[in-house]
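> Make a model of this:
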Amino acid sequence: MTTVLIKLPEVMRRTQKSRAAIYAGMVQETFPQSVKLGPRAVAWTEQSIEDWIQERIEECAPGEAA
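Residues are numbered from 1 along each chain as shown. I've put the predicted structure just below:
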């Protein structure tokens, strides 16, 4: 299995969260941590973002999931 890394714009698109909300969630440990790629570059594993999204769906009350 290949690990796919995705950058912030794609994470924002998939989660519909702002940059500030993503980083705040990381601090609060309610959002997946990024992987440091270099001095000024980070990314997230695609799987960690997909898992986070799935957890949000599962937290919905029955009938509320889209």
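> Taking the centroid of this structure, which residue is nearest it?
I49 (3.7 Å; Cα atoms, centre = their mean).
> gap between stretch 29-47 and the chain center?
Centre-to-centre, stretch 29-47 and its host chain are 9 Å apart (Cα atoms, centre = their mean, to the nearest Å).
> next one: stretch 1-11
Relative to the chain's own centre, stretch 1-11 is displaced by 9 Å; criterion: Cα atoms, centre = their mean.
> what does it contact?
The contact list for stretch 1-11, computed with Cβ atoms under 8 Å, 6 or more residues apart in numbering, reads 14, 17, 19, 22, 35, 37, 42-47, 49. Quick note: C-beta positions are derived from backbone N, CA and C, even for glycine.
> Ok, stretch 28-37 next?
For stretch 28-37, using Cβ under 8 Å, 6+ apart, the contacting residues are 5, 17, 22, 24-26, 42-45, 48-49, 51-52.
> where in the protein is pLDDT low?
The chain contains residues with pLDDT under 70 at 61-66.
> What segments of it are helices?
8-15, 19-27, 46-59 (DSSP state H).
> Return the set of buried residues in the shortest one.
By neighbour count, and taking 16 or more other Cβ atoms under 10 Å as the criterion, the buried residues in helix 8-15 are 11, 15.
> could you give the angle of it to helix 19-27?
Counting by axes from the mean of the first three to the mean of the last three Cα atoms, to 10 degrees, helix 8-15 points 90 degrees away from the direction of helix 19-27.
> re earlier: between all of the contacts of stretch 28-37, which two are separated the most?
Spatially, the most separated pair among the contacts of stretch 28-37 is L5 and A24, at 21.5 Å (Cβ to Cβ).
> picking that back up, please indicate which of the contacts of stretch 1-11 are buried?
Buried members of the contacts of stretch 1-11, scored by 16+ other Cβ under 10 Å, are 17, 22, 42-46, 49.
> first to last residue in stretch 23-41, what's the distance?
Across stretch 23-41, the terminal residues are separated by 14 Å (Cα to Cα, to the nearest Å).
> before we move on, the earlier item: for the buried ones among the contacts of stretch 1-11, could you give me JSON lines that also reports distance to T30?
Listed next are the buried ones among the contacts of stretch 1-11 as JSON lines, based on distance: Cβ to Cβ, whole Å:
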{"residue": "K17", "distance to T30": "11"}
{"residue": "I22", "distance to T30": "10"}
{"residue": "V42", "distance to T30": "17"}
{"residue": "A43", "distance to T30": "19"}
{"residue": "W44", "distance to T30": "14"}
{"residue": "T45", "distance to T30": "17"}
{"residue": "E46", "distance to T30": "19"}
{"residue": "I49", "distance to T30": "13"}
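> Fine, thanks again, bye for now.
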